[in-house]
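S.K.: what's the 3D shape of this:
(chains A, B and C)
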Amino acid sequence: MIEKQQNNMTDLSLADDLFERVGTKGLSGEDIGKKSLTYWADVWRRFRSNKLALFGLILLGLVIILLFIGPLLSGKDYQFIDASMKNLLPSSEYWFGTDDMGRDLFTRVCVGGRISIYIGLCCTLVMFVIGALVGAIAGLQGGLVDDILMRICEFIGNLPYLIIVVILSMVMGRSMFSLVFAMSLTAWVGTARMVRGQILQIKEQDYVQAARALGADTGRIIIKHLLPNTMGIIMVDITMSVPGFIFSEAFLSYIGLGVRPPETSWGALASAGQQQLMFYPHQLFFPCLMIILTMLSFHLIGDGLSDALDPKLRQ
Amino acid sequence: MAEKEVLIEVKDLKKYFKVGKNATLKAVDGVNFKIYKGETLGLVGESGCGKTTCGKTVMGLYQATGGQVIFDGTDIHSLSKKEKKEFTKRAQIIFQDPYSSLNPRMTVQDIIGEGIDIHHLYKGEERQKKIHELLELVGLNKEHALRFPHEFSGGQRQRIGIARALAIEPEFIVCDEPISALDVSIQAQVVNLLIELQKKKNLTYLFIAHDLSMVKHISDRVGVMYLGNMVEFAESDELYTKPLHPYTKALMSAIPIPDPEEEKRKKRIPIEGEIPSPINPKPGCRFAARCRYATDACRQTTPELVEVTPGHFAACHRVKELNQLGD
Amino acid sequence: MSEKILEVKNLHVSFRTYAGVSHAVRGVDFYLEKGETLAIVGESGCGKTVTSKAIMGLLPESNTIISKEEGAQILFHGENLLDYSEKQMTQIRGSKISMIFQDPMTSLNPTMKIGDQIMESILIHQNVAKSEAEKQALEMLELVKIPNAKERMKQYPFEFSGGMRQRAMIAVALACKPEVLIADEPTTALDVTIQAQIMDLIGELQKELNMAVILVTHDLGVVASVADRIQVMYAGKIVERGTVDEIFYQYSHPYTRALLDSVPKVHTNNKETLYSLKGTPPDLINPPTGCSFAPRCEYGMQICRQSYPDVTRFSASQECSCWLHHPKADTKGLPESMIRRSVD
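M.R.: Here you go, the predicted model:
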């Protein structure tokens, strides 16, 4: 403590009533200065401060808006064939050009994108429901149930996914349903493992023990304690899974196992465009661009979320 | 002491954990004690001595491997589901870590209200009123009810944990190291609160801690545990002034005293090494490996906890000769 | 007066957080003499750990502000460490000034053998052959009293028990025989019997190597037997300092008193109400104006809430920042020892 010019401890000019004893009157000492933030508000705050993640969110928003209002803007039908307008380059009339049957590529990319994203979301939903259920049961019950469920997971997880899809599409025919079914059949295994791990960890937390000591039954513990505390990590898993499914769908459509014409998707469009690659590369470029933008935005959002949810990064 | 009513009797309590093929962790290995209504029983010992496991088994959070915990006449490990729920209304627990003991996604009022909801004690307005009362009881105020745990300091969180336990008005509370994670000035706050609540509501405590001076302060009687066994048991003043067991003596002398003069005068009884692993412990006295006075007898047979002087129990083969007590 | 090897002048450290800037250390001055033990005592969040990390240059650069405008200096043998580059700091860290932490697991590398970890420090800072480093490492392990040092050299941290790990960490920290050792809560995570062993060990090593030690702790009990001087921190400021005897027997700040009296003594009656402070330490984002202890101080006066008290000196070594020592202060009901007058 550096000696100051004027030490206020020797300043006798201070008014006497300043030295009146007031104790802790009027001050609680228990005040919490920071403004209250709920958990999710806090997550949103940290997510927002992550520029890249915010960019991903905006990008995804734009892509989705485009998919829905795109056909209205172009005013064209995605199945309308105009034989005189084959393989046109992008122009003010046909923004992305036309395909080899003279259909407007922009409209087709929008409509196909809806299906791609729809399939991605469906698969994720199925994956999440089955995975969370199996994982929660395995984690909570433990013992033999856990062992059996995990062995089943291992078995399914090791099945060659492509062969299953091929067999299923042969057995069930090529349809949206069979595609979703085939893709989510193996995908839930990862979610189940992750949820199980989380549950095992949280189950040992003192607050779960406290709830048990208060007489809470298993149902209450799951709903009030386990689910809310696994939600964060499940959300990250979901955002990271959607682009995977979109890509899988594109891949399956590309090799001819995906959606059946006249329906289309980004994968199917890319597959068609690939045949014209030498002369009309734009037919491959636009569907691919959309796939890339969508996947990128989901990944950015997922990264941002997992950072925002990381308790170690909380300040 | 005879006229005092026994609330809990722990008989030959054992809790083993299987940790491998041929490895058993004997966390609690045959512990006996009684807790009288309205008293505080302290359990001390170093980490790994089984005191926390003992407390949680007494609460029924762990299923006992052997022995009985008789609460007001019935063994709590043989209760039906419904009876167990009734039991939770009478016995509660306060945890060590104020950070992991509160659900981060719940507001303070829902945390405190959880017991009220589970047992359907109050609803609506009344529930709210009760929660505010509890908050005030532990020195917080109703503005805190809608906050989340992470906004509070360690001491405040610990008090929220106490309010949660008190919400269903239990008779018996296991305090599992409630102050070890707190700063010194906050420890006194929490201990004072616990003592005050005990007087107000005639509570019975099982107070578990490794801080010997605090245990002495709050407890009527104290048990010292070492590697799953109770090595000494006595009234707290007696234990601290006349410890009999060599382990207790070493433990007492290791307590740092916040007084430089006394620290200089005090002679520390050194204790070599550290607590051995409780996995597959060797037969004989558990302390033998670190005890200066250990003989072959100590390494072969486990000493029983016997009453050495009235009300003062110790488990040591050589307790009488070491303390120059006649037979 | 012996040589001051370390001097901290007007240190201000702040952290950027989402809610605003948190002023963790708000103007701290102190010095450390050769071979002495200085204890910094205070509750968690009072800035004691931040101060010691600032000396080591270990604060995260991304969100830390050490304000140099206010003339903050950390002088080590007269050289300002705050002006040092990261490369220069690496030279100092571990060789001239070392630090040990509360949790040994966080500072020992779990995938490296203990012996290699000690040798690494020697090889970085000293120009010696590997065989010589190995010899020194072995000596170090023996010095911290790890039995079977030779075999232990080849073991990994997880094969050590808690107390042994702490010893190993001390061995790593002392490998280059530093002049200053900063021990941040070195025994808090340990059991009492082990705690006593480790404190004894630090004391012995200090004499042997003639080190100066800064002992950071929240427990006054631990420092009673080892410290030469004590400074008490509250809310980022040093509120009182003095020799061990002065702090324990002639304390003058109400916070010091609370720290001492909130611990039960041998002679306190069973279940007697302990002296305790209300409330919790203040939020350092918006620290209260005036004395930050005022909201918890039973002797608080109007002026305490308005301006911060300057230092009052009671002896060559003891000084305190508290309005109760102003000539006009209301000292009614104050413990005898706290009614003191300045020597200036």
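S.K.: what residues does the helix or strand encompassing A:L52 touch?
M.R.: Using DSSP states H and E, A:L52 sits in helix A:51-74. Applying Cβ atoms under 8 Å, 6 or more residues apart in numbering or on different chains, the contact partners of helix A:51-74 are A:47-48, A:77-78, A:95, A:104, A:106-107, A:109-111, A:113-114, A:117, A:290, A:293-294, A:296-301, A:303-305, A:307-308. (C-beta placed from N, C-alpha, C; glycine too.)
S.K.: so who does the residue nearest the centre of chain B touch?
M.R.: For chain B, B:I208 is the residue whose C-alpha lies nearest the centre (Cα atoms, centre = their mean; 2.2 Å). By Cβ under 8 Å, 6+ apart, the residues touching B:I208 are B:G42, B:L43, B:V44, B:K51, B:T52, B:C54, B:G55, B:V174, B:C175, B:D176, B:E177.
S.K.: Assign a three-state SS to the second one, would you?
M.R.: Under DSSP: H, G, I helix; E, B strand; the rest coil, B:L43 falls in the strand class.
S.K.: if we can go back for a sec, looking at the contacts of B:I208, which are in helices?
M.R.: Within the contacts of B:I208, residues falling in helices by DSSP state H are B:K51, B:T52, B:C54, B:G55.
S.K.: circling back: partners of the strand or helix carrying the residue nearest to the centre of chain B in the sheet?
M.R.: According to DSSP H and E, B:I208 maps onto strand B:204-209. Strand pairing for strand B:204-209, determined by DSSP bridges: strand B:40-44 (parallel), strand B:172-176 (parallel).
S.K.: returning to that earlier point: can you turn the buried part of the contacts of helix A:51-74 into a ChimeraX selection?
M.R.: Of the contacts of helix A:51-74, the buried ones can be selected in ChimeraX as follows, counting by 16 or more other Cβ atoms under 10 Å in any protein chain shown:
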select /A:47,78,95,104,106,107,109,110,111,113,114,117,290,293,294,296,297,298,299,300,301,303,304,305,307,308
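S.K.: which residues touch stretch A:233-240?
M.R.: A:124, A:128, A:132, A:190-191, A:194-195, A:198, A:298-299, A:301-302, A:305-306, A:309.
S.K.: Could you pick out which of these are located in helices?
M.R.: Those of those lying in helices (DSSP H): A:124, A:128, A:132, A:190-191, A:194-195, A:198, A:298-299, A:301-302, A:305-306, A:309.
S.K.: How about the contacts made by residue 145?
M.R.: You didn't say which chain, so I picked chain A. Applying Cβ under 8 Å, 6+ apart to A:V145 gives the contacts A:I137, A:A138.
S.K.: wrong one, I was asking about chain C
M.R.: With Cβ under 8 Å, 6+ apart, C:K145 has these contacts: C:R167, C:L201.
S.K.: How about the one 4 residues further on?
M.R.: By Cβ under 8 Å, 6+ apart, C:A149 lies in contact with C:L138, C:L141, C:E142.
S.K.: Run a quick neighbour tally on the residue of the stretch 201-344 of chain C found nearest chain A.
M.R.: Across the stretch 201-344 of chain C, the shortest distance to chain A (Cβ to the nearest Cβ) belongs to C:G279, at 2.1 Å. Residues lying near C:G279 (other Cβ atoms under 10 Å in any protein chain shown) number 21.
S.K.: Ok, A:L121 next?
M.R.: 16.
S.K.: Check whether it sits in a helix, strand or coil.
M.R.: helix.
S.K.: mind listing what the residue nearest to it when sequence neighbours are not counted touches?
M.R.: Closest residue to A:L121 apart from its sequence neighbours, by Cβ to Cβ, 6 or more residues apart in numbering or on different chains: A:V242 at 6.5 Å. Residues near A:V242 by Cβ under 8 Å, 6+ apart: A:I117, A:G120, A:L121, A:T124, A:F298.
S.K.: Verify the assumption that A:V242 is located in a helix.
M.R.: Yes. Checked against three-state DSSP, A:V242 lies within a helix.
S.K.: Kindly provide the distance from it to A:N7.
M.R.: Using Cβ to Cβ, to the nearest Å, one obtains 67 Å as the distance from A:V242 to A:N7.
S.K.: With B:F207 instead?
M.R.: Counting by Cβ to Cβ, the gap from B:F207 to A:N7 is 48 Å.
S.K.: Would you state the strands of chain A in chain order?
M.R.: Read by DSSP state E, chain A holds no strands at all.
S.K.: Taking the stretch 51-200 of chain C, what residue is nearest to chain A?
M.R.: For the stretch 51-200 of chain C, Cβ to the nearest Cβ, closest residue to chain A: C:N63, 7.7 Å.
S.K.: Surely that residue is in contact with C:F15?
M.R.: Yes. Under the criterion of Cβ atoms under 8 Å, C:N63 makes contact with C:F15 at 5.4 Å.
S.K.: So between these two, which is more surrounded?
M.R.: Taking neighbours as other Cβ under 10 Å, C:N63 and C:F15 compare with C:F15 leading, 20 against 13.
S.K.: now that one, what's its secondary structure?
M.R.: Criterion first, three-state DSSP; result for C:F15: strand.
S.K.: sorry, back to before: with the ones in helices among the contacts of stretch A:233-240 in mind, which one is nearest to chain B?
M.R.: The shortest approach to chain B among the ones in helices among the contacts of stretch A:233-240 belongs to A:L309, at 11.5 Å (Cβ to the nearest Cβ).
S.K.: excluding its backbone neighbours, what's nearest that closest one?
M.R.: A:G232 (4.0 Å).
S.K.: about what we covered before: tabulate the strands paired with strand B:204-209 in a markdown table, adding columns for distance to B:V215, mean pLDDT and mean neighbour count.
M.R.: Listed next are the strands paired with strand B:204-209 as a markdown table, based on distance: least, Cβ to Cβ, whole Å; pLDDT from 0 to 100; neighbours: other Cβ atoms under 10 Å in any protein chain shown:
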| stretch | distance to B:V215 | mean pLDDT | mean neighbour count |
| --- | --- | --- | --- |
| strand B:40-44 | 4 | 93 | 26 |
| strand B:172-176 | 10 | 94 | 25 |
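S.K.: With distance to C:L274 added, can I get the ones you listed in TSV?
M.R.: Shown next, in TSV, are the strands paired with strand B:204-209 (distance: least, Cβ to Cβ, whole Å):
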stretch	distance to C:L274
strand B:40-44	15
strand B:172-176	16
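S.K.: On the three-state scheme, C:I40 is what?
M.R.: C:I40 ends up strand, using three-state DSSP.
S.K.: my guess is it contacts C:I214, does it?
M.R.: Yes. Using Cβ under 8 Å, C:I40 is in contact with C:I214, at 6.5 Å.
S.K.: Report the set of residues contacting both of these two.
M.R.: C:S52.
S.K.: on that earlier part again, report the buried members of the contacts of C:A149.
M.R.: For the contacts of C:A149, buried by 16+ other Cβ under 10 Å: C:L138, C:L141.
S.K.: quick one, strands of the stretch 151-300 of chain B?
M.R.: For the stretch 151-300 of chain B, the strands defined by DSSP state E, counting those that start in this stretch occupy B:172-176, B:204-209, B:221-226, B:229-235.
S.K.: where in the stretch 101-250 of chain A is pLDDT low?
M.R.: Within the stretch 101-250 of chain A, no range satisfies pLDDT under 70.
S.K.: And for chain B?
M.R.: Scanning chain B with the threshold set as pLDDT under 70 gives B:1-3, B:326-327.
S.K.: Great, nothing more from me.
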